[in-house]
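# take this sequence and fold it.
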Amino acid sequence: MRFLLTADLHCQNQPAWKLEYYRKLLREIVMVAREQNCDAVVCAGDLWHEKHGVNAELLQMVYFELDRSADMGIPWVLLRGNHEIAMKSKPHDSLLALFAGISTVVMKPRALRWSDCTMYLLPWYLGDTFKDYAKRMAQATVGDTQKKKILIGHIGLN
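Numbers count the residues shown, from 1 in each chain. Next up, the predicted model:
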């Protein structure tokens, strides 16, 4: 298993030139992943910048680019970061759910297994919840017989 890891892209579409900048950035990431023979791109949170409401034009652009990447054989794994929450009153809901048809979207802790690797994925959670899940995931690795074990998480520092 080979993957390209990125995080905190903070895509935004204001001012107007930024939308094209981020389109080029996403394409560059995919190009590097293809050149390095990666099986996937993992974004460990904060794909976009605007909390609690992303502009439709930005969502469409990101969706198009990730769909294009999947068509090229480079799927994305998307962890929920602290910037991907839909509303303050629902901190664990996310617009990332819209990408589930073209990407692996990680909204709760999970393990993905490949032939030679287990990737433990821990999205953003508030406070002690993150610590509790991190401990549980670390304990889960003990019984895992895979040679390669990787823990990827998104943590926000206050």
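# list the buried residues in stretch 2-16.
If you call a residue buried by 16 or more other C-beta atoms under 10 Å, then stretch 2-16 has these buried ones: 3-4, 6-7, 9, 11-13. C-beta coordinates here come from the backbone N, C-alpha and C atoms, glycine included.
# swap that for stretch 37-47, please
Within stretch 37-47, the residues that count as buried by 16+ other C-beta under 10 Å are 38, 40-47.
# how about stretch 47-56?
Neighbour counts using 16+ other C-beta under 10 Å place 47-51, 54 of stretch 47-56 among the buried residues.
# leaving out sequence neighbours, find the closest residue to Glu50.
What sits nearest to Glu50 in space, not counting adjacent residues and going by C-beta to C-beta, 6 or more residues apart in numbering, is Gln12, at 6.3 Å.
# of all the buried residues of stretch 2-16, which comes closest to Trp124?
Sorting the buried residues of stretch 2-16 by distance to Trp124 puts Ala7 at the head of the list, at 10.8 Å, by C-beta to C-beta.
# so what's the residue nearest to Glu50 up against?
Contact partners of Gln12, counting by C-beta atoms under 8 Å, 6 or more residues apart in numbering, are 18, 22, 48-50, 58.
# likewise Leu121?
Under the criterion of C-beta under 8 Å, 6+ apart, the contact partners of Leu121 comprise 42, 77, 79, 106, 109-112, 152-153.
# quick check: it vs Val41, distance?
Relative to Val41, Leu121 is positioned 13 Å away (C-beta to C-beta, to the nearest Å).
# quick check: neighbours shared by those two?
Contact criterion C-beta under 8 Å, 6+ apart; residues bridging Leu121 and Val41 by contacting each: Val77.
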